[in-house]
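A.B. asks: this one's structure only:
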């Protein structure tokens, strides 16, 4: 088993576990070195600290769209994906740093609701939601992430996880396959924070550290209401939970996760707000390049 387990989020299904692991290890080691922890950085890069990527992206292959018109979801899954897209628009409207971005999201939400009607089936509504997201500056600045096909893929992956029991169980198992009593930390990005949350509720031994970043865990109408178990609460074996969020990360539905999970113990700390450099505020390696992402790991590795 691994001392540090990474849990990836949405993304291309042809990106392998080894590629993701190498990218995350390099980014985190560089941050540790920059923050005055060269010995710990060397441990990560040299293999003295055992790392693993919990990989489940291949499970989404049946739902992977060929283009922006190719909705490979059941009616229920398409409705779930649509609701997620609308929720992400609401997050942009609520907390984007630019007034223009918030106004764009509000305008797209109003246009989406105006287009609702009995003639619109689930695939058409999903395409409307994807189009609204793609026209928002907070999404468009993410470059490749703004392509409608990519947005459709990302929403489809979240919907498939929530609505397909086989996908859900196998993704959770991918995390638990790497976590045991020797694991010191779990780092989970984007959809991976949802998978990790559900997996860690099944642990029977303590986990010193959970770090989530770019998380949709606070999405009001879908993710928050469909997390398992209910009501949402901190996994009981997790000893410290650090959450990082960039206000311009369009996947971040809510900045203050501690308000969602009602944790009176202080395990879930107030969200650390960061400003990721470059255009794509959601990229995992951007978050791992932030000092608050590396500092908790340095603490648990030193004490371990």
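C.D. replies: Looks like it arrived, so ask away. Everything numeric here is computed off the predicted structure, so don't read it as measured data.
A.B. asks: And the helices in the chain, which stretches?
C.D. replies: Here the chain has its helices, by DSSP state H, at 17-34, 38-46, 75-95, 99-114, 122-134, 137-140, 148-163, 165-176, 191-200, 223-226, 257-261, 284-288, 291-303.
A.B. asks: the inter-axis angle of the third one versus helix 148-163?
C.D. replies: It refers to helix 75-95. 110 degrees (axes from the mean of the first three to the mean of the last three C-alpha atoms, to 10 degrees).
A.B. asks: What are the buried residues along helix 75-95?
C.D. replies: Within helix 75-95, the residues that count as buried by 16 or more other C-beta atoms under 10 Å are 77-93, 95. Just so you know, the C-beta spots here come from the backbone N, C-alpha and C atoms, and that holds for glycine as well.
A.B. asks: cool, and the first one?
C.D. replies: Applying a neighbour-count criterion of 16+ other C-beta under 10 Å, the buried positions in helix 17-34 are 17, 20-21, 23-25, 27-33.
A.B. asks: what residue ranges in the stretch 101-250 of the chain score low on pLDDT?
C.D. replies: Within the stretch 101-250 of the chain, the ranges that satisfy pLDDT under 70 run 117-119, 143-146.
A.B. asks: how does it look with 90?
C.D. replies: The model of the stretch 101-250 of the chain has pLDDT under 90 over residues 113-121, 137-147, 220-225.
A.B. asks: returning to that earlier point: which one, of the helices of the chain, ends up nearest to residue 184?
C.D. replies: helix 291-303 (4.7 Å; C-beta to C-beta).
A.B. asks: So for the protein, the centremost residue is which one?
C.D. replies: Centroid-nearest residue in the chain: residue 190, 0.6 Å away (criterion: C-alpha atoms, centre = their mean).
A.B. asks: What sits closest to residue 209 if chain neighbours are left out?
C.D. replies: Nearest residue to residue 209, sequence neighbours excluded (C-beta to C-beta, 6 or more residues apart in numbering): residue 185, at 4.0 Å.
A.B. asks: Now do the same contact list for the one you found.
C.D. replies: Residues near residue 185 by C-beta atoms under 8 Å, 6 or more residues apart in numbering: 3, 4, 5, 207, 208, 209, 210, 211, 296, 297, 300, 301.
A.B. asks: The fifth one touches residue 239, doesn't it?
C.D. replies: Put plainly, it is residue 208. Yes - contact criterion C-beta atoms under 8 Å: residue 208 and residue 239 qualify, at 5.2 Å.
A.B. asks: More neighbours: these two, which one.
C.D. replies: Legend: neighbour count by other C-beta atoms under 10 Å for residue 208 and residue 239, higher for residue 208 (19 against 14).
A.B. asks: I'd like to know how far the nearest residue to residue 270 once chain neighbours are set aside sits from residue 236.
C.D. replies: Once flanking residues are discounted, residue 270 sits nearest to residue 258: 5.7 Å by C-beta to C-beta, 6+ apart. Residue 258 is 16 Å from residue 236, where distance means C-beta to C-beta, to the nearest Å.
A.B. asks: Of the two, give the one with the bigger neighbour count.
C.D. replies: residue 258 (19 against 12).
A.B. asks: Pretty sure residue 100 sits against residue 137.
C.D. replies: Yes - taking C-beta under 8 Å as the definition, residue 100 is a contact partner of residue 137 at 6.3 Å.
A.B. asks: Comparing these two, which residue is more hemmed in?
C.D. replies: Neighbours were counted for residue 100 and for residue 137 using other C-beta under 10 Å; residue 137 has more, 19 against 11.
A.B. asks: Without its sequence neighbours, what residue ends up closest to that one?
C.D. replies: residue 101 (4.9 Å).
A.B. asks: Give me the neighbour count for that neighbour.
C.D. replies: 22.
A.B. asks: Now do the contacts for it.
C.D. replies: Contacts of residue 101 (C-beta under 8 Å, 6+ apart): 92, 136, 137, 138, 248.
A.B. asks: Farthest pair within these?
C.D. replies: Among the contacts of residue 101, 136 and 248 lie farthest apart (C-beta to C-beta), at 10.7 Å.
A.B. asks: The two: who's more crowded?
C.D. replies: Taking residue 136 and residue 248 together and counting by other C-beta under 10 Å, residue 136 has the greater number of neighbours (26 against 23).
A.B. asks: who's in contact with the more buried one?
C.D. replies: Per C-beta under 8 Å, 6+ apart, neighbours of residue 136: 89, 92, 101, 104, 105, 108, 250.
A.B. asks: For the second one, which non-adjacent residue is spatially closest?
C.D. replies: Closest residue to residue 92 apart from its sequence neighbours, by C-beta to C-beta, 6+ apart: residue 105 at 3.9 Å.
A.B. asks: now that neighbour: how far from residue 120?
C.D. replies: Distance of residue 105 to residue 120, computed by C-beta to C-beta: 21 Å.
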